[in-house]
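Asks: sequence unknown, structure follows:
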């Protein structure tokens, strides 16, 4: 069925304006971004075809690059860039926050909820540093590295320098595993031990090192083999 054949209240753009974005399905929201379909194929059908390419999961769709999107018939550079820009805006919105979180960070779950939106869907590893004050309130966060598809290197001297410059008392290291396996690698274990020892010499506390996946996380502090 063509979009014009739908009653106005059921057309995606009109429906969004009248009822709000939450009233639209994933396919309808994509249809608003795509704007037009193909001869003989409505924009909603094109949106559904794009969703099928990602097995119906927005997380998988987020992972698709521009060339992968454009392999779908009907998706050109304009449509692909619009979809990718929308996802990036959503990601930045989720990661945006006040400089100081309004409650102390006391668990790996809180770290996961804070950093999950930032790291979800990445096809490469990124390493972030969370800086905490005397009361374990977040006073800052910054990306240390953005690595390849399965590795990132931690510069311990850089971590300590940043922590001292910003007068942090405690640190939390966070990085992601694109493989969806949150378990630590040998390199993760070695880096954590080295940073923990180096931090202690500067009278800093490495509270935790949290490894984030899309649907799970691992905490060194929660693992009795590595916690003190």
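Replies: Great, that's in hand. In this text the structure is predicted, and so the values were computed from the model without any measurement.

Asks: mind giving me the domain split of this protein?
Replies: 3-94, 99-219 (automatic domain parsing).

Asks: ranking these by mean pLDDT, which is last?
Replies: Across the domains of the chain, domain 3-94 has the smallest mean pLDDT, namely a mean of 85.

Asks: tell me how far that one lies from the chain's centre.
Replies: Domain 3-94 sits 20 Å away from the centroid of its parent chain (C-alpha atoms, centre = their mean, to the nearest Å).

Asks: try stretch 183-193
Replies: The answer for stretch 183-193 is 22 Å, by C-alpha atoms, centre = their mean.

Asks: quick one, what contacts the closest residue to residue 106 other than its chain neighbours?
Replies: Nearest in space to residue 106, with sequence neighbours left out and distances taken as C-beta to C-beta, 6 or more residues apart in numbering, is residue 136 at 6.4 Å. For the C-beta atoms, the positions are set from N, CA and C on the backbone; glycine is no exception. Applying C-beta atoms under 8 Å, 6 or more residues apart in numbering to residue 136 gives the contacts 104, 105, 106, 170, 207.

Asks: filter the residues you listed to the buried ones?
Replies: 105, 170, 207 (16 or more other C-beta atoms under 10 Å).

Asks: next step: those restricted to helices.
Replies: Using DSSP state H, no member of these sits in helices.

Asks: in CSV, list those residues along with distance to residue 123.
Replies: CSV is the format used below for these (distance: C-beta to C-beta, whole Å):
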residue, distance to residue 123
105, 27
170, 31
207, 28
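
Asks: next step: the contacts of residue 136 restricted to strands.
Replies: Among the contacts of residue 136, the residues falling in strands (DSSP state E) are 170, 207.

Asks: for the residue nearest to residue 106, give me phi and psi.
Replies: phi 70, psi 20 (degrees, to the nearest 10).

Asks: with the one 3 residues further on instead?
Replies: Comment: the main-chain dihedrals of residue 139 come out as phi -110, psi -10, following degrees, to the nearest 10.

Asks: show me where the chain has helices.
Replies: According to DSSP H, the helices that the chain contains are 12-19, 26-34, 43-53, 58-63, 66-70, 77-95, 108-119, 156-165, 186-201.

Asks: ok, residue 182 touching residue 215?
Replies: No: Residue 182 is beyond contact range of residue 215, at 9.1 Å (criterion: C-beta atoms under 8 Å).
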